[in-house]
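A.B. asks: would you be able to build a 3D model of this:
(2 chains)
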2 protein chains.
Amino acid sequence: MHLLTLILLIPSALALWPNPRNVTFGSSSVILSPTFWIHWAPSTPAPGDMTAAISRTTSQLYTDNLERLVVGRANADLQMLAYASELPMLHLEIIGSRPINSIMAEATSALEDRDESYMLSVPADGTAAMIQANTTLGLLRGLTTFSQLWYSTGGVASTFPYYSFFPGASMIYTVQAPVMVVDTPAYPYRGLLLDTARNLYDRTSVAFPNVTDKSYSFPIADIYRTLEAMSYVKINMFHWHITDSQSFPLTVAALPELSQYGAYSAAQTYSLQDVQDVINYAGERGIDVMMEIDTPGHTASIYESHPDYVACWNLEPWSTYANEPPSGQLRFAVPEVLNFTQQMFASVLSTLPGTLFSTGGDELNTDCYVNDTITQDALSASGQTLSQALSTYVLGTHDTVRASGKTPVVWEEMLLVQNISLGPDTLILVWISSDDALAVAQKGYKMVHGPSDYFYLDCGAGEWINSATGADSWCDPFKTWQKAYSFDPLQNLTECQYDLVLGGQQLLWTEQSGPENVDPIVWPRAAASAEVFWTGANGPDGLPRNSTEALARLHDVRYRMVARGINAINLQPQWCALRPGDCNLT
Amino acid sequence: MHLLTLILLIPSALALWPNPRNVTFGSSSVILSPTFWIHWAPSTPAPGDMTAAISRTTSQLYTDNLERLVVGRANADLQMLAYASELPMLHLEIIGSRPINSIMAEATSALEDRDESYMLSVPADGTAAMIQANTTLGLLRGLTTFSQLWYSTGGVASTFPYYSFFPGASMIYTVQAPVMVVDTPAYPYRGLLLDTARNLYDRTSVAFPNVTDKSYSFPIADIYRTLEAMSYVKINMFHWHITDSQSFPLTVAALPELSQYGAYSAAQTYSLQDVQDVINYAGERGIDVMMEIDTPGHTASIYESHPDYVACWNLEPWSTYANEPPSGQLRFAVPEVLNFTQQMFASVLSTLPGTLFSTGGDELNTDCYVNDTITQDALSASGQTLSQALSTYVLGTHDTVRASGKTPVVWEEMLLVQNISLGPDTLILVWISSDDALAVAQKGYKMVHGPSDYFYLDCGAGEWINSATGADSWCDPFKTWQKAYSFDPLQNLTECQYDLVLGGQQLLWTEQSGPENVDPIVWPRAAASAEVFWTGANGPDGLPRNSTEALARLHDVRYRMVARGINAINLQPQWCALRPGDCNLT
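C.D. replies: Here you go, the predicted structure:
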């Protein structure tokens, strides 16, 4: 006889990402009424970016045009929809006593003051849906969740005469009403780092060598698209690594020569307006911008405008003086260099609405200064050791950060390798290894997780430093979404240290990336940490998160992103996306 | 004292890719005359695709707008150009006694009949340049080389009044005239495999669910763009893996039910016209199409239309019956299945102009048939062993291939694992390991190299089969361009076996790829094998090819591809691209 087919059947669940902390759902179908609209309920007018968010959400409902990821796609649901009730509207309500601010104002407030919580209800009986929140930022998160509930019949509404005038001639429906969501993030910092100092401006110099009109600046559009995708999964921090040894594209008002000479070309710079445009675009989407001007290492490009401030510039072999070419680091022991750095930071800080600013501090090569006469003379003059001089420099720059009302952020080496007595408010970025979180906690500092062994998006593409037959990435292998998803923010920590963890982020360094691949290398992988730090250890069912359950939802994230114009890569063949569980390791 | 900067100076050389077999160049600058044109010299009119190639090349000269990859970019060359002579025209001449055919006719002729050789001269004295070849295909290769000689001043021609009316207001120039090239490929088969059975049609179903007008079919545009990029590096074979277990998108005239039921959806199929469009687009660019309908394995999708012909369909655990989900293989021991396969092949073969056709043959799972009653009954009836039945089936399908005047091509297992007595004309595709080439040679068969340990473009992105924390690719690590470039087509072979090597190809399997990432995952890496099999073991300088010399030229390939709209990934930061040798391992 013929062997029977055994297909593992998994009940389809709401494809929300990140998973809400609390959610209940039913099995009734609800169709968006042809006259569906989103109603701003408060008596005071909606802030401009709230109105824009309502418009974007409304548009997505009709343009996602995503058929459900089941065998048969939309056709599998058509019969059921004949009995669906209609959702007439969605009310947005601000509750609590906080004044109503713009989304951007809420998104750029101090981490401890942010309130992204919301409640969402979608009844099954044809009565209105509602989102309630204390802030416009919370309403935005609720709208994002709401937009993930809906699927399209792929243009067959016309078979239902009553809906033939429906936008897109599709019915927009959900199959699991009533839905009730009570949600708030597990961690306040959920970020993505993008490095724009290596390559993101290629297109400008190659395809548009004469472009001065930034509206043609592909990379800015690329950053916008990345921010838009971040908002789809409730990532709320854009860690902008904007300068490095290869180029200094950031225009600094007080020191215009930095980008004038340090950028690849005049066309390959971020103007003051570009930066404000990015900050505003992010803020309207509930995303704060934490800018990083990496110091005192990763600063070879400053040599182009201030050669006296940079030691070991472009020496051979570069590997003696830096972790990657070109070598070159600030002469931090020289008093003028601290003054210069403080002037640079002050000028930039005054343009940033957020409360976090990273002074960098990774991969400092101390051997560089051993034979640097200028540094040695400065140390003799001050009577300081190199370590003491570094401490003076870093703490001096942090004073400048605090003077502007912001909190200094540094990479872990400043605390764990250089042993600088950082202010207790300083936020530490863990990157070298997930094991280093414990050492940071033991010193009592707050931290953000970005360990290369889980969260580096660039690993696994081979070493970009050239060699005869090529080498593996220093952080090989490729970090799969499952690997990132398996991260435990509290691993190795004692309960009294838990509060030191503010969140985490995935990171894209761009020695080998640029506009050409930023979408597929980041998405949907970066959604993994977004859920780790929003949903926390357990899913809404109270069970530990696990990638087998998450995969079906992550396929949905990817297909919805593609529908919204993000070139997110497919995780598996479509055959698997339609059959949860059938493409697991057996 | 301040340490001096030591920059390794490498003299810039012509950035031709693949490197010609023979080339000499000088150090004079030549500017394209404002009235430059390409002249078809033969008395008979140019074939239509030759005229189109001349137009494309002329357009690229003015639209590449690529500044030279040197510090200072175009500005570094401006002074020198004031003394440049002008190139008035380029003559195209057909030499020898062969009749003049279209590029497509030459590109689809038998491998042993193809003539891609050409001679190119670009004088430094202002006299005309010339390309001479025996065929239009050779002229096309010469035009491709010619187009790689030219750079743009990035819009500063206006500072030279005489050129102010020049298209694009840039001067187009080369800095190493006179150039003399005498070129012919080392190997006749230089390919790229693209798998379009897994995912390439996502966009159609997600973003354009109702598209029937194929002009909106993103994946076809994606294949076109890939073919265009292939032509830039003289790749001459498109190995089209068009069907697999996940879907059967190919429309077969004699058996329309195959795609009607086997494709993901009606919109996710390649029509007969689509296939001809791809074949013609490729042919006009000097590329032959070798289609593959993989049999008897990788055929689960045939179950949808012909359930009786497929054994072990979608069984759990799939890993017992197949190398990847879903399981399902043709019941090759059943006579009707051979007849069906021959009918399917005959219908498709009649539409293909090329001389190679792949019947597949990889990863057959013989355990599947042990408990398949229908297969066992068929074996009893015929008195054959499973192995004998497989031989009967494969040789039977190859008879159909030969009956259409073509040469059968199979993956290595048919020869090395199943030990089928394949006809001596059969071409073997090596893929499992580069070590297997020797065994193929020892059996005396012709081969094409596509070993996973050098040429698989999909390795290193993590295992797509889902597991708790993710697994590495089965063929980890990522295959860098340097790794591919280091491949020796003759390794382990004796001199008398050298003639068995027809060439090689890099391959993209698309379980984890699609329109979203096909450009950056393929380019510029696939240019590595293009040079290995065109240029051969030694460069034009007579020295062995090496990646350190090649890197500067490959950067040029990448930047020119980006200028032409291919999203090729950057290999290193732009800082390195402008400074050959400064970003090598030290």
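A.B. asks: in terms of helices and strands, where is residue A:220?
C.D. replies: Under the criterion DSSP states H and E, the helix or strand holding residue A:220 is helix A:218-232.
A.B. asks: all strands for the stretch 51-200 of chain A, in order.
C.D. replies: Using DSSP state E, counting those that start in this stretch, the strands of the stretch 51-200 of chain A run over A:85-94, A:118-122, A:129-133, A:151-152, A:172-183, A:189-195.
A.B. asks: circling back: after the helix holding residue A:220 comes which helix or strand?
C.D. replies: Counting by DSSP H and E, the next helix or strand C-terminal to helix A:218-232 is strand A:237-241.
A.B. asks: where do the helices of the stretch 51-200 of chain A begin and end?
C.D. replies: Assigned helices in the stretch 51-200 of chain A, in chain order: A:78-81, A:103-107, A:136-147 (criterion: DSSP state H, counting those that start in this stretch).
A.B. asks: how about those helices in JSON lines, adding mean pLDDT?
C.D. replies: As requested, the helices of the stretch 51-200 of chain A are arranged in JSON lines below (pLDDT from 0 to 100):
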{"stretch": "helix A:78-81", "mean pLDDT": "86"}
{"stretch": "helix A:103-107", "mean pLDDT": "98"}
{"stretch": "helix A:136-147", "mean pLDDT": "98"}
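A.B. asks: can you tell me which of those helices is nearest to chain B?
C.D. replies: Between chain B and the helices of the stretch 51-200 of chain A, the tightest spacing by Cβ to the nearest Cβ is seen for helix A:78-81, at 13.7 Å. For glycine as for every other residue, the C-beta is placed from the backbone atoms N, C-alpha and C.
A.B. asks: residue contacts, residue A:146?
C.D. replies: With Cβ atoms under 8 Å, 6 or more residues apart in numbering or on different chains as the criterion, the residues that contact residue A:146 are A:57, A:90, A:120, A:122, A:129, A:131.
A.B. asks: of those residues, closest to chain B?
C.D. replies: Looking across those and measuring by Cβ to the nearest Cβ, the closest to chain B is residue A:57, at 18.9 Å.
A.B. asks: got the contact list for the closest one?
C.D. replies: Counted by Cβ under 8 Å, 6+ apart, residue A:57 has contacts A:38, A:143, A:144, A:146, A:147.
A.B. asks: sorry, back to before: can the helix holding residue A:220 be found next to chain B?
C.D. replies: No - under the criterion of Cβ under 8 Å from any Cβ of the partner chain, helix A:218-232 makes no contact with chain B; the nearest approach is 10.3 Å.
A.B. asks: give the buried residues for that helix.
C.D. replies: Of the residues in helix A:218-232, A:218-220, A:222-223, A:225-232 count as buried by neighbour count, 16 or more other Cβ atoms under 10 Å in any protein chain shown.
A.B. asks: looking at these, spot the one nearest chain B.
C.D. replies: Sorting these by distance to chain B puts residue A:218 at the head of the list, at 10.3 Å, by Cβ to the nearest Cβ.
A.B. asks: give me the pLDDT for the closest one.
C.D. replies: Residue-level confidence at residue A:218 comes out at 48, pLDDT.
A.B. asks: ok so, going back, the helix holding residue A:220 vs helix A:136-147, what angle?
C.D. replies: 80 degrees (axes from the mean of the first three to the mean of the last three Cα atoms, to 10 degrees).
A.B. asks: what's helix A:218-232 packed up against?
C.D. replies: Other helices and strands packing on helix A:218-232, by 3 or more Cβ pairs under 8 Å, 6 or more residues apart in numbering or on different chains; DSSP states H and E, are helix A:136-147, strand A:189-195, helix A:202-206, helix A:272-283, helix A:518-522, helix A:547-563.
A.B. asks: list the helices and strands the next helix-or-strand element following the fifth one packs on?
C.D. replies: Elements were assigned by DSSP H and E; along the chain past helix A:518-522, the next helix or strand is helix A:527-535. If you count contacts as 3+ Cβ pairs under 8 Å, 6+ apart, helix A:527-535 packs onto strand A:189-195, helix A:481-485, strand A:501-508, helix A:547-563.
A.B. asks: the bottom helix or strand of chain A by mean pLDDT?
C.D. replies: Within chain A, confidence by mean pLDDT, DSSP states H and E is lowest for helix A:202-206 among all helices and strands, at a mean of 37.
A.B. asks: pretty sure residue A:445 is touching residue A:428, no?
C.D. replies: Yes - in terms of Cβ atoms under 8 Å, residue A:445 counts as a neighbour of residue A:428; the distance is 4.8 Å.
A.B. asks: neighbour count: those two, which is higher?
C.D. replies: For residue A:445 against residue A:428, the residue with the higher neighbour count under other Cβ atoms under 10 Å in any protein chain shown is residue A:428, and the figures read 27 against 20.
A.B. asks: may I have the strand or helix carrying that one exported as PDB, CA atoms only?
C.D. replies: Take DSSP H and E as the rule and residue A:428 turns out to sit in strand A:427-430. Listed in PDB are the C-alpha atoms of strand A:427-430, where the atom choice follows Å, rounded to 0.1, in the frame of the first residue of the first chain:
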ATOM      1  CA  LEU A 427      26.300  53.400  29.900                       C
ATOM      2  CA  ILE A 428      28.500  50.500  28.700                       C
ATOM      3  CA  LEU A 429      28.200  48.900  25.300                       C
ATOM      4  CA  VAL A 430      29.100  45.200  25.400                       C
END
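A.B. asks: other SSEs contacting the next helix or strand after that strand?
C.D. replies: The first helix or strand that comes after strand A:427-430 along the chain, using DSSP H and E, is helix A:436-442. Here helix A:436-442 touches helix A:413-416, strand A:427-430, strand A:446-449, going by 3+ Cβ pairs under 8 Å, 6+ apart.
A.B. asks: what about residue A:328, how many neighbours?
C.D. replies: Each residue near residue A:328 was counted by other Cβ under 10 Å, and the total is 28.
A.B. asks: quick one: low-confidence parts of the stretch 401-550 of chain A?
C.D. replies: The stretch 401-550 of chain A contains no residues with pLDDT under 70.
A.B. asks: run through the residues that contact residue A:110.
C.D. replies: Taking Cβ under 8 Å, 6+ apart as the contact definition, residue A:110 lies against A:355, A:407.
A.B. asks: cool, and residue A:353?
C.D. replies: Under the criterion of Cβ under 8 Å, 6+ apart, the neighbours of residue A:353 are A:104, A:108, A:279, A:283.
A.B. asks: show the contacting residues for the residue nearest to the spatial centre of chain A.
C.D. replies: In chain A, the C-alpha nearest the mean C-alpha coordinate belongs to residue A:192, at 2.7 Å (Cα atoms, centre = their mean). Residues near residue A:192 by Cβ under 8 Å, 6+ apart: A:226, A:230, A:235, A:237, A:238, A:239, A:505, A:506, A:507, A:508, A:522, A:526.
A.B. asks: please redo it, this time with the cut-off set to 10 Å
C.D. replies: Neighbour list for residue A:192: A:226-227, A:229-230, A:233, A:235-240, A:287, A:450, A:455, A:457, A:505-508, A:522, A:526, A:529-530 [criterion: Cβ atoms under 10 Å, 6 or more residues apart in numbering or on different chains].
A.B. asks: appreciated, that's everything.
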